[in-house]
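1. predicted coordinates and the sequence they were generated for:
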Amino acid sequence: MSTTAKELLQIREIPGSYGLPFVGALRDRIAYFYTQGQDEFFRSRMQKYHSTVFRANMPPGPFLASNPNVIVLLDNKSFPVLFDISKVEKKNVLDGTFMPSTSYTGGYRVCAFLDPSEPKHALLKRLFFYFLASRHKRFIPEFRSTLSDELFPLLEDQISRNGKANFNTLSDSMSFNFVFRLFCDKNPSVTKIGSDGPILFGKWLFFQLAPLITFGLTKKFPNFIEDLLLHTFSLPSFLVKSDYKKLYNSFYESATQLLDEAEAMGLKRDEACHNLVFLAGFNAFGGMKALFPALMKWVGLAGEKLHQQLADEIRTVVRSEGGVTFSAIEKMPLTKSVVYEALRIEPPVPFQYGKAKQDLVIESHDGAFKVKKGEMLFGYQPFSTKDRKVFEDPEEFVGSRFVGEGEKVLKYVYWSNGRETESPTEENKQCPGKDLVVLVSRLMLIEFFLRYDTFTVDVGKLMLGSPVTVKSLTSAKRSS
């Protein structure tokens, strides 16, 4: 865009204030976690400043964050600057304005915290791409068998015995087993992890992310005890050291093929293993922990009409193709659209950060804003992907949104730290497992609607994601 065109967008100062040192950040933290809550924190300021771009402090704030000051980006037009590594630095910004101790990852800054300009980033991402390519033929059969042998029978059993089933707990167990088998070529049950994998990873994740979490015990007033314990000081890593060591040792002893390849690439074996544990636990298991309940929540709430449409499409294609194959999956446009819609409306990773590498001009729909080198940019994705100037009825879950002509707006879906129409490379920060995430989400729906006609759910709110209770399952009237 030319300078003249940018001037027509009215280059202006970024509205908002950080307030007094320490006090302003503490005030914003209390509003974010307690008196307003996450969405209202952003919405009220957007309305106050009449702008989707403004200044604020992001938690955890005082003590834990060296500088909590950020420039907030809430619209779909300004958000993509966070993907442009020529303009923003991604060093140590995975969790925002603070970084958990490297003692959680064996003393290494793992790939997720590296900027693409750092030499190790390309090497580690190359290892991840090798892993995905080497396991490509196993994705479908491995995940299908995990669903049919582990998740669905347990769902049915819990509903039969209790009248309802906790989807999250069962999904977490299924997800961990799938991830471990994919990485390590064996069941976790034959290792020292046993059946404790989801608990071990869950504790490890919680201790790292605690400064960004609230238990939600109070609605209107600050919970000062929780704020002191979670948001003021880092939780000591030694409390989960033995849990992490058990996970690390199991991967080190079992993922020998991947670690051999890492050494051939020039990586130290222990550094590669710490990165694989992070990839498996934080990225894969942690992502599925949020992704699958959100997918089943939105599909469950959508009702029987969508369920019937999905069942008809899935069963028709599987019959005509003679099974569930990559080719068959690509011939299910509604199933694909439903997955993208779930990723749009409730992205598994809602936050993105980046530090300006140079003086910038960032454009929103209504204006342009000057950003100085070194300032931290923050994007809240659930607002960006519900931008009314891009998506019609953005607050509604529309299963067919991306079917046919709807595919044109797929480029505005950003869940993978990049546009859905773009691909991860060694040079960018887009999720290397982007295509696998979409695949297993489609497989979840395919296997579900081959087995069941419809289902009902109750939903709530968790620290990470949504709790989903399956209340009823109606088995398929015909086999496929």
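-> Thanks, I have the structure now.
2. can you show me the helices along the stretch 51-200 of the chain?
-> In the stretch 51-200 of the chain, the segments counted as helices under DSSP state H, counting those that start in this stretch are 119-134, 139-146, 152-162, 167-184, 197-209.
3. could you dump the strand or helix carrying residue 457 to CSV, C-alpha only?
-> Using DSSP states H and E, the element containing residue 457 is strand 452-459. Only the C-alpha atoms of strand 452-459 are listed here, as CSV (Å, rounded to 0.1, in the frame of the first residue of the first chain):
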residue,chain,number,x,y,z
TYR,A,452,-23.3,-43.0,15.9
ASP,A,453,-26.2,-41.1,14.4
THR,A,454,-26.4,-38.3,16.9
PHE,A,455,-25.4,-37.3,20.5
THR,A,456,-26.1,-34.7,23.1
VAL,A,457,-23.7,-32.8,25.4
ASP,A,458,-23.5,-30.4,28.3
VAL,A,459,-20.6,-27.9,28.3
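4. what's the closest of the helices of the stretch 51-200 of the chain to residue 469?
-> Of all the helices of the stretch 51-200 of the chain, it is helix 167-184 that lies closest to residue 469, at 6.7 Å by Cβ to Cβ. Where you see a C-beta, it was placed from the backbone N, CA and C, and this is true even at glycine.
5. buried sites along that closest one?
-> Buried residues in helix 167-184, counting neighbours by 16 or more other Cβ atoms under 10 Å, are found at 167-168, 170-184.
6. kindly report the same for stretch 327-340.
-> Across stretch 327-340, burial judged by 16+ other Cβ under 10 Å covers 328, 329, 332, 333, 334, 335, 336, 337, 338, 339, 340.
7. and the fourth one, what pLDDT?
-> This points to residue 333. Listed pLDDT for residue 333 reads 98.
8. cool, residue 104 as well?
-> The model's pLDDT for residue 104 equals 97.
9. how close does residue 256 sit to residue 96?
-> Separation of residue 256 from residue 96 (Cβ to Cβ, to the nearest Å): 35 Å.
10. of the two, which one has the most company?
-> residue 96 (20 against 13; other Cβ atoms under 10 Å).
11. give the contact list for the more buried one.
-> 58, 59, 65, 212, 351, 353, 378 (Cβ atoms under 8 Å, 6 or more residues apart in numbering).
12. pretty sure the third one contacts residue 93?
-> What it means is residue 65. No - between residue 65 and residue 93 there is no contact under Cβ atoms under 8 Å: 11.3 Å.
13. one step back: who wins on neighbours among the contacts of residue 96?
-> Highest neighbour count within these: residue 59, with 28 neighbours (other Cβ under 10 Å).
14. that residue contacts residue 68, doesn't it?
-> Yes - counting by Cβ under 8 Å, residue 59 does reach residue 68; the two are 7.3 Å apart.
15. residues shared between the contacts of those two?
-> Taking Cβ under 8 Å, 6+ apart as the contact definition, residue 59 and residue 68 share the neighbouring residues 28, 29, 97.
16. so what's the residue count around the first one?
-> As a burial measure, the neighbour count of residue 28 was computed by other Cβ under 10 Å and equals 23.
17. nearest residue to it in space, please, no chain neighbours.
-> In this structure, residue 28 finds its nearest non-sequential neighbour in residue 57, 3.9 Å apart by Cβ to Cβ, 6 or more residues apart in numbering.
18. list the contacts for the closest residue to residue 147 other than its chain neighbours?
-> Spatial nearest neighbour of residue 147, excluding adjacent residues (Cβ to Cβ, 6+ apart): residue 447 at 4.6 Å. Residues in contact with residue 447 (Cβ under 8 Å, 6+ apart) are 144, 147, 148, 152, 324.
19. show me what contacts the fourth one?
-> Okay, so that is residue 152. Taking Cβ under 8 Å, 6+ apart, we find residue 152 in contact with 447, 448, 451.
20. what's the answer for the first one, then?
-> The neighbours of residue 144, taking Cβ under 8 Å, 6+ apart as the test, are 324, 443, 447.
21. now the second one: which helix or strand?
-> Secondary structure assignment for residue 443, by DSSP H and E: helix 434-451.
22. put the alpha carbons of that helix into PDB.
-> Output of helix 434-451 as PDB, limited to C-alpha atoms (Å, rounded to 0.1, in the frame of the first residue of the first chain):
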ATOM      1  CA  LYS A 434      -0.900 -28.200  11.000                       C
ATOM      2  CA  ASP A 435      -2.000 -30.700   8.500                       C
ATOM      3  CA  LEU A 436      -2.000 -33.500  11.100                       C
ATOM      4  CA  VAL A 437      -4.200 -31.500  13.400                       C
ATOM      5  CA  VAL A 438      -6.800 -31.000  10.700                       C
ATOM      6  CA  LEU A 439      -6.500 -34.700   9.700                       C
ATOM      7  CA  VAL A 440      -7.100 -36.200  13.200                       C
ATOM      8  CA  SER A 441     -10.000 -33.700  13.700                       C
ATOM      9  CA  ARG A 442     -11.600 -34.900  10.500                       C
ATOM     10  CA  LEU A 443     -11.000 -38.500  11.600                       C
ATOM     11  CA  MET A 444     -12.600 -37.900  14.900                       C
ATOM     12  CA  LEU A 445     -15.800 -36.900  13.100                       C
ATOM     13  CA  ILE A 446     -15.600 -39.600  10.500                       C
ATOM     14  CA  GLU A 447     -15.200 -42.400  13.000                       C
ATOM     15  CA  PHE A 448     -17.800 -40.900  15.300                       C
ATOM     16  CA  PHE A 449     -20.500 -40.700  12.600                       C
ATOM     17  CA  LEU A 450     -19.700 -44.100  11.200                       C
ATOM     18  CA  ARG A 451     -20.600 -45.400  14.600                       C
END
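23. how big is the angle separating it from helix 152-162?
-> Orientation check (axes from the mean of the first three to the mean of the last three Cα atoms, to 10 degrees): helix 434-451 against helix 152-162 gives 50 degrees.
24. next SSE downstream of the lowest-mean-pLDDT helix or strand in the chain?
-> Within the chain, no helix or strand scores below helix 3-8, which has a mean of 50 by mean pLDDT, DSSP states H and E. Remark: after helix 3-8, the chain's next helix or strand is strand 11-12, criterion DSSP H and E.
25. now for the helix or strand following that next one, which elements pack on it?
-> Downstream of strand 11-12, the first helix or strand assigned by DSSP H and E is helix 23-30. If contacts are counted by 3 or more Cβ pairs under 8 Å, 6 or more residues apart in numbering; DSSP states H and E, helix 23-30 sits against strand 53-57, helix 224-231.
26. compute the inter-axis angle for whatever helix or strand comes next after helix 23-30 and strand 53-57.
-> Sequence order places helix 38-49 as the next helix or strand after helix 23-30, per DSSP H and E. Relative orientation of helix 38-49 versus strand 53-57 (the same axes, to 10 degrees): 130 degrees.
27. quick check: mean pLDDT of helix 38-49?
-> Average pLDDT, helix 38-49: 97.
28. helices or strands next to that helix in the packing?
-> In terms of contacts (3+ Cβ pairs under 8 Å, 6+ apart), helix 38-49 is packed against strand 53-57, helix 381-384.
29. can you tell which of those is closest to residue 108?
-> Ranking the helices and strands packed on helix 38-49 by distance to residue 108, with Cβ to Cβ as the measure, places helix 381-384 first at 27.5 Å.
30. what does the closest one contact?
-> By Cβ under 8 Å, 6+ apart, helix 381-384 touches 39, 42-43, 46, 52, 73-76, 79, 345-347, 349-352, 414-415.
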